[in-house]
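*Asks:* Sequence below, structure please.
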Amino acid sequence: MSPTNTENMKEHLGEAGAHLKSAAAAAGSAVKGATGAAADELRLGKANMKAELSDSALSGLAAAELGGAAAKEQVDALMDKGKDLIDSAADLIRERPLASFGVAFAAGWIIAKLARSND
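*Replies:* Sure, this is the predicted structure:
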């Protein structure tokens, strides 16, 4: 005797249910796998971010230390230029003492005149 339409329908519905159950299990497994992969990627990204921030902080500290040394170099260079300028002025005064006295006197007179005009 051949199966009836009702029996065939029940058999197909049973197969459909089994396939749906397998599909749900596969979907759950895929979600778990994706979650695990995402968590791994998140951990890796977090570790990379921490490493880059740490390297950035170290580079910033090194730059700050070098900034102090660079500022000292600039101050030393300015001091050397100031000493050279004073030496040059001293040489000029030795070469032409009368002219130097006249320039100093004129500068003092002009400053005194400007100071009196502001009162």
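*Asks:* The residue most central in space within the chain and W109: what is the separation?
*Replies:* By CA atoms, centre = their mean, the chain has its centre lying nearest to S56, at 6.3 Å. Using CB to CB, to the nearest Å, we find S56 at a distance of 60 Å from W109. C-beta coordinates here come from the backbone N, C-alpha and C atoms, glycine included.
*Asks:* same check, this time on G67
*Replies:* For G67, the distance to W109 - CB to CB - is 45 Å.
*Asks:* now swap in E41 and tell me
*Replies:* Using CB to CB, E41 is found at 81 Å from W109.
*Asks:* repeat for D80
*Replies:* D80 sits at a distance of 33 Å from W109 (criterion: CB to CB).
*Asks:* Repeat that for A39.
*Replies:* Here A39 is placed at a distance of 85 Å from W109 (CB to CB).
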